[in-house]
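Undergrad: model this:
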Amino acid sequence: MATSEKRINKLPVSMKINGVIFEEYVEPRLLLSDFLRNLGFKGTHVGCEHGVCGACTILFNGEAVRSCLMFAVQADGAEIINAEKLSADGELNDLQKAFRKHHALQCGFCTPGQEISATALLAKNPHPTEEEIKIGMSGNMCRCTGYHGIIEAVKEIANQE
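TA: Numbering: from 1, shown residues only. As a prediction, this is how the structure comes out:
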């Protein structure tokens with residue numbers, strides 16, 4: 001962070017986002033979701049801005065969290081993964097392929113948050129039951145598809161050996 005970039009009423013933050021370190025000066029009240037989007041990470045969607053819909057879900061030091069409920073300054077020193085990191089070199093990962101196969105998306109607005117939540121769930125419990133999947137995905141709302149395809153996509157990955 002160059003000293004010339006420092007502005008009055010802004011604080012320095014440094015965090016690793018999708019494997020790249022970003023150092024910026026931010027206003028203390030800037031939401032983490034807005035910070036990520038301002039950096040160009042459009043896979044972090046902003047829906048309700050109250051932590052209810054789950055569209056802004058990211059992995060924050062390995063835990064699924066709502067980025068609209070945090071300030072960017074609270075993420076100083078954190079490691080963040082958002083949906084854009086799930087695919088490698090433009091290729092869908094297995095979970096994303098399962099979402100496509102099971103029609104677990106329609107408009108796509110909730111999909112990044114759904115995929116991050118499923119990624120976190122499967123990291124903690126690689127073989128969850130259907131009930132555990134429903135509970136693990138309950139923090140993400142979808143207005144288009146219902147939840148059957150989403151549950152089926154996660155079940156497919158959970159049943160892979």
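Undergrad: residue 60 against residue 77, yeah?
TA: No: Residue 60 lies out of contact with residue 77 (CB atoms under 8 Å); the separation is 11.1 Å. (Glycine included, C-beta is placed from N, CA and C.)
Undergrad: between those two, tell me which one has more neighbours.
TA: Using other CB atoms under 10 Å as the criterion, residue 60 and residue 77 rank with residue 60 on top: 21 against 10.
Undergrad: so what's the backbone phi/psi at the more buried one?
TA: When read as degrees, to the nearest 10, the backbone of residue 60 gives phi -120, psi 110.
Undergrad: helix, strand or coil: sort out residue 37 for me.
TA: helix (DSSP: H, G, I helix; E, B strand; the rest coil).
Undergrad: residues near it, how many?
TA: Neighbour number of residue 37 under other CB under 10 Å is 18.
Undergrad: skipping its backbone neighbours, what lies nearest it in space?
TA: Residue nearest to residue 37 in three dimensions, not counting chain neighbours: residue 44, with 6.0 Å by CB to CB, 6 or more residues apart in numbering.
Undergrad: what's the separation between that neighbour and residue 149?
TA: Note on residue 44: its distance to residue 149, by CB to CB, to the nearest Å, is 22 Å.
Undergrad: with residue 24 instead?
TA: 38 Å.
Undergrad: for residue 2, give me the pLDDT.
TA: pLDDT for residue 2: 53.
Undergrad: who touches residue 77 in this structure?
TA: 14-15 (CB atoms under 8 Å, 6 or more residues apart in numbering).
Undergrad: ah, wrong one, I meant residue 107
TA: Neighbours of residue 107 in contact, by CB under 8 Å, 6+ apart: 143-144.
Undergrad: relative to residue 159, how far out is it?
TA: With distances taken as CB to CB, residue 107 is found 27 Å from residue 159.
Undergrad: now swap in residue 127 and tell me
TA: Residue 127 is 7 Å from residue 159, by CB to CB.
Undergrad: tell me which of the two has more neighbours.
TA: residue 127 (12 against 9).
Undergrad: the more buried one touches residue 157, doesn't it?
TA: No: using CB under 8 Å, residue 127 is not in contact with residue 157, being 9.7 Å away.
Undergrad: dump the residue contacts of the spatially most central residue of the chain.
TA: In the chain, the residue lying closest to the centroid (CA atoms, centre = their mean) is residue 58, at 2.6 Å. Shown in contact with residue 58 (CB under 8 Å, 6+ apart): 32, 36, 44, 64-65, 67, 80-82, 116.
Undergrad: also residue 132?
TA: Contacts of residue 132 (CB under 8 Å, 6+ apart): 121, 125.
Undergrad: kind regards, and thank you for your time.
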